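**Q** Structure for this input, please:
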Amino acid sequence: MRVPIRHVAGNVAWSTHGTVWALWRVLGSGQAQVSQAARVRHLHAVSGLVKHLEGEAMLMSLCPQVDPATVGEQMLEGVDLEASPRYVAMVDEVLDRLEQMELSGRTDWLAVPLPASRLQAVRAAVAAARSEVETWLGLLPAPVSAAEERQRLAQAQRLAAAWPGGLRVRPATSAEVLWIYGHSARRGVWEPS
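**A** Residues are numbered from 1 along each chain as shown. Predicted structure coming up:
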């Protein structure tokens, strides 16, 4: 399956269909140690935001693999290892068991199509079509201009700044955007290590 994006800059992705998307990671979700009331408040904040967004916003809940060594490092963080030999032995035992399991976490992502004027929409559709034809011919597609990148990144930043403060989000990185698209192509398939 071919990834349906032609360009990524920061948390903004240009699709092969002409739509420009901005992606954010929703913080504070997927934590097991949070109370039920906090989960409900978080759910209401997220669903309220998605309902009020223009366009076809998406809330994605993905499960990335978790490295058992990372869990072990977090368990040992801030612990005096010399003063806690029994705890270190217990962490080693837990690590041995975790390495035999498939570990995953849960992350929530918000993807919002950035609004475009009629002229911007026509230009984006033409650029996406031209990019498809160039790719089909084996040519490198024309890149997105630096000016358009700056404009769309600023637009995404303004959009998020207008959201209510009850929901904590951070812009996705380019690597995370690519991971999300790559993950969707392999959904339900074991990820390579």
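**Q** which residues does residue 84 contact?
**A** Listed by CB atoms under 8 Å, 6 or more residues apart in numbering, residue 84 has no contact partners. (Each C-beta comes from the backbone N, C-alpha and C, glycine too.)
**Q** Look up how far residue 90 lies from it.
**A** 9 Å (CB to CB, to the nearest Å).
**Q** would you list every one of the helices in the protein?
**A** 36-52, 68-76, 85-98, 118-136, 146-161, 174-185 (DSSP state H).
**Q** Out of the ones you listed, which is closest to residue 60?
**A** For the helices of the chain, the distance to residue 60 is smallest for helix 174-185, at 6.9 Å, taking CB to CB.
**Q** residues of that closest one that come out buried?
**A** 176-177, 179-181, 183 (16 or more other CB atoms under 10 Å).
**Q** so which of those would you say is closest to residue 21?
**A** residue 177 (8.5 Å).
**Q** Could you double-check that the closest one sits in contact with residue 24?
**A** No - taking CB atoms under 8 Å as the definition, residue 177 is not a contact partner of residue 24, at 10.4 Å.
**Q** Common neighbours of the two, please.
**A** residue 11.
**Q** From residue 43, how far off is residue 96?
**A** 36 Å.
**Q** Repeat that for residue 150.
**A** The value you get for residue 150 to residue 43, if CB to CB is used, is 35 Å.
**Q** Residue 113 too?
**A** 23 Å.
**Q** same deal with residue 95?
**A** 33 Å.
**Q** for residue 108, same thing?
**A** Taking CB to CB, one finds residue 108 at 10 Å from residue 43.
**Q** Who has more neighbours out of these two?
**A** residue 108 (18 against 11; other CB atoms under 10 Å).
**Q** Just the local confidence number for the closest residue in space to the more buried one that isn't next to it in sequence, please.
**A** Distance criterion CB to CB, 6 or more residues apart in numbering; nearest residue to residue 108, sequence neighbours excluded, is residue 26 at 4.0 Å. What the model reports as pLDDT for residue 26 is 86.
**Q** List the contacts of the closest residue to residue 114 other than its chain neighbours.
**A** What sits nearest to residue 114 in space, not counting adjacent residues and going by CB to CB, 6+ apart, is residue 20, at 4.7 Å. Shown in contact with residue 20 (CB under 8 Å, 6+ apart): 12-14, 113-114, 116, 124, 152.
**Q** Let's have those residues in TSV, adding distance to residue 171.
**A** Output for the contacts of residue 20, formatted as TSV (distance: CB to CB, whole Å):
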residue	distance to residue 171
12	9
13	12
14	16
113	16
114	13
116	19
124	21
152	12
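**Q** Of the residues you listed, which is the nearest to residue 75?
**A** Minimum distance to residue 75 across the contacts of residue 20 is 35.6 Å, recorded for residue 13 (CB to CB).
**Q** number of nearby residues for the closest one?
**A** That count, for residue 13 with other CB under 10 Å as the rule, works out to 26.
**Q** Repeat that for the one 4 residues further on.
**A** Around residue 17 there are 13 other residues, counting by other CB under 10 Å.
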